[in-house]
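Peer 1: No sequence on hand, only this structure:
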């Protein structure tokens with residue numbers, strides 16, 4: 001897409017997928033001037049290291065040689081459980097070079113889920129953070145043949161491989177440095193969904209997952225020319241175990257010749273540290289989950305930081321309340337583009353304010369190359385204004401290959417004609433913008449009314465005293481389900497305000513705006529909203545039934 005200044009509607013009318021016979025994530029990521037800065041890392045202690053594209057090539061080739069000597073071949077699974085750090089990226093690139101499959105594992109997983117993903121993924125090699133490894137009993141990793149403990153950036157600054165130096169240096173020369181001529185739909189990454197109910201599904205994606213993510217990357221970050229792409233310094237606080245972090249930020253940025261910023265952290269999201277990072281590392285583009293933006297709004301004083309380098313924030317992973325969108329644009333003085341996708345199909349729709357106006361609360365329009373439609377329960381396309389399920393028309397290089405070892409779930413994900421079901425409910429307006437109404441399973445049916453929890457959340461978040469809100473349905477003998485809300489109040493809320501009175505006001509405001517049937521019957525004020533490992537709201541923790 002980049003190369004000229006043309007950013008008008010022709011991108012949408014003239015775009016065609018150019019899918020080559022061979023496509024490899026590592027080859028695309030390393031196809032840059034080897035002297036250019038590819039990665040800048042900020043460790044917990046503040047130590048900074050800079051790596052060029054040539055460094056990434058050399059380091060990943062060495063690690064690929066190690067993998068080859070321990071028997072890794074094309075299609076084998078390599079798990080990585082590390083914080084944001086250079087070694088994390090090296091392992092990904094090394095595995096892709098061999099045609100192996102990466103299994104990202106969150107640093108935050110409990111032992112049972114950790115063990116399940118290793119076993120279910122049939123992992124042959126695990127690269128794990130040394131500190132995390134000490135907390136994991138040997139039995140949890142017993143199914144893995146080779147376990148490599150890594151202390152991120154623990155070696156001397158002159159050591160390219162950092163915490164991997166001891167494990168993989170002095171390996172005999174093999175073909176590990178070669179780049180496997182993988183096909184676009186050859187398996188590349190096995191991403192486990194972050195749901196907390198039941199067993200997580202393993203989403204198997206091919207190398208084309210990167211190709212399919214690039215149009216959304218260019219549009220959501222406003223990176224349309226080679227010079228814009230190469231001058232971008234892109235960062236997200238989200239864990240690199242999440243598809244949104246890896247394929248909204250890390251690999252697209254490398255694919256276009258920009259610089260990725262990695263920041264090692266071992267605790268939850270720190271709003272002030274985020275702003276400090278943007279200031280001192282001169283971040284130009286950031287991917288922030290809406291939950292993180294809401295915390296910036298509630299807990300920080302942005303005027304205390306120099307954020308002049310930041311031009312665009314991409315928000316995704318969950319709905320961005322209009323009030324938070326408007327606050328971010330006005331207070332941070334940046335463009336905010338909300339984007340929508342899922343692990344099974346990344347970067348499908350979103351806003352691109354260089355090309356069209358954003359409608360606060362909307363998930364925008366389909367990005368170039370992605371043909372999505374809204375359908376009823378039988379798969380029939382619905383007219384504008386009607387609520388239905390969003391489905392993705394084939395062919396689309398960003399859609400999943402399969403659910404790992406679950407052919408039944410794979411079959412249910414697709415219609416017979418090949419269209420992929422997202423299980424997300426949306427409405428398309430007359431202008432072509434899409435409005436997310438929540439997951440199909442999250443829809444609240446109360447006394448026969450179909451209520452979108454996201455609609456009620458937006459109404460609550462519009463009150464300046466509300467920092468965050470989560471809405472769901474709870475059992476009710478008379479209505480079947482009733483609407484319940486959890487809200488976090490802003491620090492600016494007057495301490496003299498009576499909480500009960502405020503709750504009554506919030507209920508009435510929603511009723512007046514959306515109708516009495518959509519007003520929450522109960523509003524619980526809490527100190528914080530639980531989050532999943534990817535930084536999104538953990539609805540299952542609040543509404544387990």
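Peer 2: Perfect, thanks for sending it. Keep in mind it's a predicted model, so treat the numbers as computed, not measured. Numbering: from 1, shown residues only.
Peer 1: From the chain's centroid, how far away is the helix or strand that residue 510 is a member of?
Peer 2: Here residue 510 sits within helix 499-514, counting by DSSP states H and E. Relative to the chain's own centre, helix 499-514 is displaced by 33 Å; criterion: Cα atoms, centre = their mean, to the nearest Å.
Peer 1: mind listing what's buried in it?
Peer 2: 502, 503, 506, 507, 509, 510, 514 (16 or more other Cβ atoms under 10 Å). C-beta here means a position set from N, CA and C on the backbone, and glycine is covered the same way.
Peer 1: Direction included, what does the helix or strand following that helix pair against?
Peer 2: Later in the chain than helix 499-514, the nearest helix or strand by DSSP H and E is strand 522-525. Under the criterion DSSP bridges, strand 522-525 sits next to strand 480-489 (parallel) in its sheet.
Peer 1: what does the lowest-mean-pLDDT helix or strand in the chain contact?
Peer 2: Ranked by mean pLDDT, DSSP states H and E, the helix or strand of the chain with the weakest confidence is strand 449-451, at a mean of 77. For strand 449-451, contacts defined as Cβ atoms under 8 Å, 6 or more residues apart in numbering pick out 387, 443, 444, 445, 473, 483, 517, 518.
Peer 1: Now do the buried residues in it.
Peer 2: For strand 449-451, by 16+ other Cβ under 10 Å, it's residue 451.
Peer 1: so how far is it from its chain's centroid?
Peer 2: 29 Å.
Peer 1: Give me the next element, helix or strand, following it.
Peer 2: Counting by DSSP H and E, what follows strand 449-451 is helix 453-461.
Peer 1: mind checking how far the very next helix or strand once past that following helix is from the chain centre?
Peer 2: Next along the chain after helix 453-461, taking DSSP H and E as the criterion, comes strand 466-476. On the basis of Cα atoms, centre = their mean, strand 466-476 sits 23 Å off its chain's mean C-alpha point.
Peer 1: ok, now stretch 149-165?
Peer 2: Counting by Cα atoms, centre = their mean, stretch 149-165 comes out at 27 Å from the chain centroid.
Peer 1: again with stretch 389-407
Peer 2: With Cα atoms, centre = their mean, you get 17 Å for stretch 389-407.
Peer 1: measure it end to end?
Peer 2: End-to-end distance of stretch 389-407 (Cα to Cα, to the nearest Å): 22 Å.
Peer 1: So for that stretch, what gets flagged as buried?
Peer 2: So, applying 16+ other Cβ under 10 Å, buried residues of stretch 389-407: 389-392, 396-404, 406.
Peer 1: go on, stretch 416-429?
Peer 2: 419, 420, 421, 422, 424, 425, 426, 427, 428.
Peer 1: pLDDT on that stretch, on average?
Peer 2: Taken as a whole, stretch 416-429 has an average pLDDT of 96.
Peer 1: Can you name the residues in contact with it?
Peer 2: Contacts for stretch 416-429 (Cβ under 8 Å, 6+ apart): 340, 342, 344-345, 348, 362-363, 373-374, 379, 382, 384-396, 399-400, 412-415, 434-441, 443, 452.
Peer 1: ok now do residue 306, which residues does it touch?
Peer 2: Neighbours of residue 306 in contact, by Cβ under 8 Å, 6+ apart: residue 279.
Peer 1: Specify the local secondary structure of it.
Peer 2: In three-state terms, and counting by DSSP: H, G, I helix; E, B strand; the rest coil, residue 306 is coil.
Peer 1: Can you give me the pLDDT of it?
Peer 2: 98.
Peer 1: before we move on, back to that, adding pLDDT and neighbour count, write the contacts of strand 449-451 out as TSV.
Peer 2: Shown next, in TSV, are those (pLDDT from 0 to 100; neighbours: other Cβ atoms under 10 Å):
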residue	pLDDT	neighbour count
387	92	16
443	77	16
444	85	23
445	79	12
473	90	20
483	93	25
517	84	13
518	87	21
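Peer 1: Looking at the residues you listed, which one is closest to residue 125?
Peer 2: residue 443 (42.0 Å; Cβ to Cβ).
Peer 1: is it true that the closest one touches residue 436?
Peer 2: No: if you go by Cβ atoms under 8 Å, residue 443 and residue 436 don't touch, sitting 11.8 Å apart.
Peer 1: Quick one: mean pLDDT for the helix holding residue 510?
Peer 2: 90.
Peer 1: and the contacts of stretch 416-429, which are buried?
Peer 2: 340, 342, 344-345, 348, 362-363, 373-374, 382, 387-392, 396, 399-400, 413-414, 434-438, 443, 452.
Peer 1: What are the boundaries of the strands in the stretch 301-450 of the chain?
Peer 2: Counting by DSSP state E, counting those that start in this stretch, the stretch 301-450 of the chain has strands at residues 312-315, 335-342, 345-350, 365-366, 372-375, 388-392, 402-403, 420-428, 434-439, 444-446, 449-451.
Peer 1: Minimum distance to residue 11: which of the ones you listed has it?
Peer 2: Here strand 365-366 is closest among the strands of the stretch 301-450 of the chain (Cβ to Cβ), at 11.4 Å.
Peer 1: That closest one pairs with which strands?
Peer 2: strand 345-350 (antiparallel).
Peer 1: now the strand it pairs with and strand 335-342, what's the angle there?
Peer 2: For strand 345-350 against strand 335-342, the angle by axes from the mean of the first three to the mean of the last three Cα atoms, to 10 degrees is 140 degrees.
Peer 1: ok and strand 345-350 relative to strand 434-439, angle-wise?
Peer 2: 130 degrees.
Peer 1: Report the residue ranges of every domain in this protein.
Peer 2: 24-206, 443-542 (automatic domain parsing).
Peer 1: which of those sits most buried?
Peer 2: domain 24-206 (a mean of 19; mean count of other Cβ atoms under 10 Å).
Peer 1: Give me the mean pLDDT for that one.
Peer 2: Here the average pLDDT along domain 24-206 is 90.
Peer 1: go on, stretch 255-269?
Peer 2: On average, stretch 255-269 scores 93.
Peer 1: what comes up buried for it?
Peer 2: 255, 256, 257, 258, 259, 260, 261, 262, 263, 264, 265, 269.
Peer 1: From the residues you listed, which land in strands?
Peer 2: Applying DSSP state E to these, the entries found in strands are 259, 260, 261, 262, 263.
Peer 1: Enumerate the beta-bridge partners assigned to the fourth one.
Peer 2: What it means is residue 262. Under the criterion used (DSSP bridges), residue 262 bridges to residue 41.
Peer 1: Quick check, pLDDT for residue 344.
Peer 2: At residue 344, pLDDT is 97.
Peer 1: Of the strands of the stretch 301-450 of the chain, which is nearest residue 12?
Peer 2: Comparing these by Cβ to Cβ, strand 365-366 comes nearest, at 8.2 Å.
Peer 1: Contacts only, for the closest residue to residue 66 other than its chain neighbours.
Peer 2: In space, residue 66 comes closest to residue 168 once its chain neighbours are excluded; the distance is 3.8 Å by Cβ to Cβ, 6 or more residues apart in numbering. Going by Cβ under 8 Å, 6+ apart, residue 168 touches 62, 63, 65, 66, 148, 161.
Peer 1: Correct me if wrong, but residue 109 is in a strand.
Peer 2: No: read with three-state DSSP, residue 109 is coil and lies in no strand.
Peer 1: and it, what are its phi and psi?
Peer 2: phi -70, psi 140 (degrees, to the nearest 10).
Peer 1: Check residue 48 too.
Peer 2: phi -120, psi 140.
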